[in-house]
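Trainee: quick one: sequence and predicted model below, then my questions.
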Amino acid sequence: MTLTPVLTKYWDEADSYKISGYMRNGGYTAFKKAFATGPDEIINIVKDSGLRGRGGAGFPTGLKWSFVPQNDGKPHYLVVNADESEPGACKDIPLMMANPHSLIEGVIIAAYAMRANHAFIYIRGEVPHVFRRVNNAIREAYAAGYLGKNIMGSGFDLEVVLHAGAGAYICGEETALLDSLEGRRGQPRLKPPFPAVAGLYASPSCVNNVETIANIPYLINNGVDWFKSFGTEKSPGFKLFAVSGHVNRPGIYEAPLGITMRELLEHAGGVRDGKTVKFWLPGGSSVPMLTADLLDTPLTYEDIAAAGSMLGTGTPMIFDNTTSVVRAVTGWISFYKHESCGKCTPCREGTWWLSDVLHRFEAGHGTESDLDKLIDICAQIAGRSFCALGDAAATPFPAAMKYFRDEFVQATSTPANESYDPTASTIFAGATR
Amino acid sequence: MTVTTQTVTVTVDAVTVEVPAGTLIIRVAEMLGTAIPRFCDHPLLEPVAACRMCLVEIEGQGKPQPSCAVTVTDGMVIKTQHTSEMAEKAQAGVMEFLLINHPLDCPICDKGGECPLQNQAMTSGAGESRFTGVKRTFPKPINVSAQVLLDRERCVSCARCTRFADEIAGDPFIELLERGAKQQVGTSEDQPFDSYFSGNTIQICPVGALTSAKYRFRSRPFDLISTPSACEHCASGCALRTDVRRNTVMRRLAWDAPEVNEEWNCDKGRFAFPYTTEGRLTHPLVRDEDGNLVPASWPEAIRVAAAGLAKSGTATGVLTGGRVTVEDAQSYAGFARGVLGTPDVDFRARAVSSEETAFLANHVAGKGLDVTYGDLESAAAVLLVGFEPEDESPIVFLRLRKAALKNGTKVYSVAPYATAGLAKMKGKLLTAGPREEVATINGAAEFLANPNSIILVGERAAQTPGALSAVAELATKTGARLAWIPRRAGDRGALDAGLLPIGGRNTTEIISATGSAIKNLVIGGVGAEDVDGDLVAAIERASFVVSLETRHTDVTALADVVFPVAVVTEKRGTFRNWEGRDRSFDVVAPTPGALSDAAVLGEIARELGSEISVIDFWASAAKPALSAGAAENSTIGAGEAILSTWRHLLDKGTLQSGEPYLAATSRVAVVRVSPNTAQSLGLVDGGSASVTCCGNTATAPVIVTGGMVDGVVWVPANSEGSSLNIPSGCVVTVKAGGNA
């Protein structure tokens, strides 16, 4: 399957991030078309397109928009989740660097459709360069009259506010993001009420991923049939696949959903010379790992689920045979322990305990009975924690055990660094001083 | 009004019941007698579903659900840990997680023996831990306030304390900080947990993370004898539980009284009890031939008292103070009016007026249970006159705050400035300076247009001539209901018992007439500093003075006979709260020889050859007509202002002595003035100022308060940093500077 650059088409142009570059390539035409179409029809188009949220859960975007009650007299808010923090996920940040205007135009159309006069872009605080770039783009859009009061004489007002987070993974969870945006400590909220009913400032709100929103202008300009000509019936459209790990050309590859990992791997130049794929994760550290046998699985929501994992953010991580699974899992669990917000017991204490035991394995001090204990701890976290962070934390270990139990048994006597030389899996492996 | 409640049918552990729609699963289980373990759940706090201890299985849902946060829907089939393996396993898993970082210090933990974590670990946990690592530790304890201590390693992050502070008290000075396993309760660096209700967080903590400096390491729960009691500190009427070890009070807890204090109380009620044991009078005292007070036997003291009072019984003034029980008040009334035959009785140990006497006689006395807490909660509008609920009746404050937040009750306050307490009740200020409230009260009818409105008038309204008359008129005009909320626990009972000077002299008049028309004084719990007039001089002029007291005071030092009387812990009795609701309590620390005021008066009566009979005073009392007292206009000169003042809840009151941790949480005195007044008096915000009147001075930091009446200065009365103990309306001298 070939690559199909849509969002990424003009990223290599020198001024792709400026309003001039975006407009030269047809930007800021879709929102005018949308204004002429009417908000309800826009929601229908998005529904008909089958576009699914690109943030990880894959929830149908048009359906999500339609949950926002209309004509209820309350202010509505569109919130863009630009808190891309998932280990392995790096697609929204390049998108905002290379073409922030596609996001802004998407925001205009989405806000118009759900009748929101305020939109917020919540961007992770660790990327000030991206913050500056999006901020400049917003300024350009205001100057061009595409944001603000009575946009292009349409009578539609839209204020866009860019907000920097303070560096918490949990703030990518939509309700924690809303709390953080309101100036509170970022912790997930009890649902119901759902954000569509009482979200930001207790008003109907919709939280969408950057890539999802950036799809909108292209969808509006080119139509549902064009959009559905990419991908599969259940996973229509194209996707930014950010391939990372032990590949020769890591980067963003935009392709129709349904491309296989093997094809993507070829685009990315394959794994390093003389190495083989040991395991790979289709979309961030929160989805179960798969092995080389499953490289031919089409990257769609449904096929990856059938293979026992999740498409997640669609940002595959490839690990070759120099990698210690024990070390990889311990690293991810350390991350979840560090990022657990502390609100609920299973995630707070469970990640702490998992990390404690896994670090013993990493040091070669695990016991076989610890393996059952770890599986049990994961089972006690999954499905019992307050939000999906706990579920995510309970994912890596059972998946790793499914394919690499022997390696954990080995770690009851041998430190991971002795079984697998850590330098061999680095980019500078084999380099001499 | 008929309320139709929609019901749904749900099944819990194969038992099918019909319950109101919107009920939480955990409450339905409780109704059926099924205890689902829980930590974060509290019926008076909003659900948070954080601890995950109460997970249950709901048929058709793949994951166990928190029963504390999910409301029932029609046809829902719920399986608790008793019938669902999924639920049982989920709960056991959560319990195991809670214990991995929890210290095994139960043997030295204050909560041990009454600990929900300990108990539920027994019911829902495993016998042994699979955790073999090193537990998380923190330096311990840390002070979240002078009184409330935190041992962070014991905390299970249930957020009950932080939710209480935020939702109930409105003092969100504690919050969860950090994240993951490092999450902990904390305060901002320079701001401790400043709340009159902080002790409740200790009581609702489901583990031993929060303890009080007062009780920490003092006792084990199983060594305590607990007695239901009633609070003596104010007219709110809280139900308490008093815990005694070896006949010594160890601690007091808020007890359940859904109609009154719900499950809360204030820190004064919780911690201010050392006065019951410290510096007590132990023997009767009589004055010998040389004029010295010497210990005497009870029979001798009673004989001397009876002989002294017999000389001119009808010329006796009786001052009882506001801390008497209903039973003691009835005895004082029977003793004064029946045995001695004097109408000169008054329970009011403060500034009084004949307008107030008439107001109380006509609008409060003998009315029984009238306006209630429940009425406040459902009222459309509540007008406060001369009454600052957070300082003067804290449970009224909590209920008004709840009413405002949950039911949208509109609170209006006639006061010189908008207090923090008013803001917490989402209240609106109806600005009026001291002694200038009448016009504001007259103009308040528009706020009480809804027939479901209530006027709450405090005892300070008596300081403004005409205010109580205006309040009565406003109630008549608008149809709003009226309630009087005094500060002291015994005031309402004393009033109902007939200790109001109908046809006699009031407190101020008794003091001034002593030595002339009045020869003898019988004085209960009245301090010389409380009353308007020179009580010490009056005692010196009196022929014969009998004092019934618990501790040495200015009064006992000058009395001819002093009887030690029982404190609340030593007697049984009843306080009638502001609603007119009787709050009975039993003996908590039986003390041989401790006699109540009533018992002492009974013995004196017997010695006088009489008997005290309880009189139904208000059945036949001639109620004086209510008429406005003459307005007094004060003029202020340069460097002067009109004083506005009331006491903070935690002040220098004698019943709070001996409890330094509580005292350390009291609010420091401040001097409040409006921006204009600050300018004319040369005061700057944050600078210090001294306020002087009649030889008393308060020196405190200045807070320039926007929206405050000009020409007025507010300082707390009798509080830390302020020895001023005079009524509002006095002209005071204000100077910048002084050592605060």
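Mentor: Happy to help now that I have it.

Trainee: name the residues that touch the top helix by length along chain B?
Mentor: Longest helix of chain B, by residue count under DSSP state H: helix B:85-100. Residues from elsewhere that reach helix B:85-100, judged by CB atoms under 8 Å, 6 or more residues apart in numbering or on different chains: A:345-346, A:348-350, A:352-353, A:379-380, A:384, B:37, B:39, B:51-57, B:64, B:79-82, B:117, B:120-121, B:124-126, B:129-131, B:133, B:135, B:156. From N, CA and C alone the C-beta is placed, and that goes for glycine too.

Trainee: residues in contact with residue 357?
Mentor: Using chain A here. A:Val357 neighbours (CB under 8 Å, 6+ apart): A:366, A:370, A:373-374, A:377, B:133.

Trainee: was after chain B, sorry
Mentor: B:500-502, B:506, B:624.

Trainee: low-confidence regions, the chain specifically.
Mentor: Using chain A. A:432-433 (pLDDT under 70).

Trainee: the chain in question should be chain B.
Mentor: In chain B (pLDDT under 70), the answer is B:1-4, B:738-740.

Trainee: up against chain A, what does it have?
Mentor: For chain B, the contact set with chain A under CB under 8 Å from any CB of the partner chain comprises B:47-53, B:55, B:62-64, B:69, B:90, B:93-94, B:96-98, B:100-101, B:130-131, B:133, B:136, B:156-157, B:175-176, B:178-183.

Trainee: can you count the residues close to residue 229?
Mentor: Defaulting to chain A. Residues near A:Ser229, counting by other CB atoms under 10 Å in any protein chain shown, number 14.

Trainee: wrong one, I was asking about chain B
Mentor: 24.

Trainee: that one touches B:Val244, doesn't it?
Mentor: No - in this structure, B:Ser229 is not within contact of B:Val244 by CB atoms under 8 Å, at 10.2 Å.

Trainee: next, the closest residue to chain B within the stretch 1-150 of chain A: phi, psi?
Mentor: Nearest residue of the stretch 1-150 of chain A to chain B: A:Ser85, at 13.6 Å (CB to the nearest CB). When read as degrees, to the nearest 10, the backbone of A:Ser85 gives phi -130, psi 0.

Trainee: show me what contacts it?
Mentor: So A:Ser85 contacts A:124, A:168-169, A:171-172, A:339 (CB under 8 Å, 6+ apart).

Trainee: most surrounded residue in the contacts of A:Val357?
Mentor: Once you tally neighbours by other CB under 10 Å, A:Ile377 ends up highest among the contacts of A:Val357, having 27 neighbours.

Trainee: next one: it from chain B, what distance?
Mentor: From A:Ile377 over to chain B the distance is 8 Å, taken as CB to the nearest CB, to the nearest Å.

Trainee: what residues does the top strand by length along chain B touch?
Mentor: If you go by DSSP state E, chain B has its longest strand at strand B:696-704. Residues from elsewhere that reach strand B:696-704, judged by CB under 8 Å, 6+ apart: B:668-675, B:678, B:683-692, B:715-716, B:721-726, B:736, B:738-740.

Trainee: contacts only, for B:Thr440.
Mentor: Counting by CB under 8 Å, 6+ apart, B:Thr440 makes contact with B:414, B:430-432.

Trainee: in the helix or strand hosting B:Val438, which residues are buried?
Mentor: According to DSSP states H and E, B:Val438 maps onto helix B:437-442. Buried residues in helix B:437-442, counted by 16 or more other CB atoms under 10 Å in any protein chain shown: B:437-438, B:440-441.

Trainee: ok, so of those, who is nearest B:Asn452?
Mentor: Of all these, B:Asn452 sits closest to B:Ile441, with 19.5 Å by CB to CB.

Trainee: among the contacts of B:Thr357, which one has the most neighbours?
Mentor: Sorting the contacts of B:Thr357 by how many neighbours each has (other CB under 10 Å) puts B:Leu500 first, at 28 neighbours.

Trainee: spit out the contact partners of it.
Mentor: Here B:Leu500 is in contact with B:345-347, B:357, B:360-361, B:365, B:494 (CB under 8 Å, 6+ apart).

Trainee: could you find the closest non-adjacent residue to the residue positioned nearest the centre of chain B?
Mentor: Nearest to the geometric centre of chain B sits B:Cys234, at 4.5 Å (CA atoms, centre = their mean). Closest residue in space to B:Cys234, ignoring its immediate chain neighbours: B:Ser393 at 5.6 Å, by CB to CB, 6 or more residues apart in numbering or on different chains.

Trainee: just want the residue of the stretch 101-250 of chain A that's nearest chain B.
Mentor: Counting by CB to the nearest CB, the stretch 101-250 of chain A gets nearest chain B through A:Leu190, at 5.5 Å.

Trainee: of the contacts of B:Thr357, which is the nearest to chain A?
Mentor: For the contacts of B:Thr357, the closest approach to chain A (CB to the nearest CB) belongs to B:Leu500, at 50.8 Å.

Trainee: tell me the SS of that closest one?
Mentor: Judged by DSSP: H, G, I helix; E, B strand; the rest coil, the three-state class of B:Leu500 is coil.

Trainee: the helix or strand harbouring A:Phe279 packs against which elements?
Mentor: For A:Phe279, the element it lies in under DSSP H and E is strand A:277-281. If contacts are counted by 3 or more CB pairs under 8 Å, 6 or more residues apart in numbering or on different chains; DSSP states H and E, strand A:277-281 sits against strand A:290-291, strand A:317-320, helix A:396-410.

Trainee: how about 6 Å then?
Mentor: Strand A:277-281 sits against strand A:317-320, with contacts defined as 3 or more CB pairs under 6 Å, 6 or more residues apart in numbering or on different chains; DSSP states H and E.

Trainee: intersection of neighbour lists for B:Ser229 and B:Val244?
Mentor: Contact with both B:Ser229 and B:Val244 is made by residues B:Val588, according to CB atoms under 6 Å, 6 or more residues apart in numbering or on different chains.

Trainee: contact partners for the closest residue to A:Ser180 other than its chain neighbours?
Mentor: Using CB to CB, 6+ apart and skipping the chain neighbours, the partner closest in space to A:Ser180 is A:Gly186 (3.8 Å). Shown in contact with A:Gly186 (CB under 6 Å, 6+ apart): A:168, A:170-171, A:176, A:179-180.
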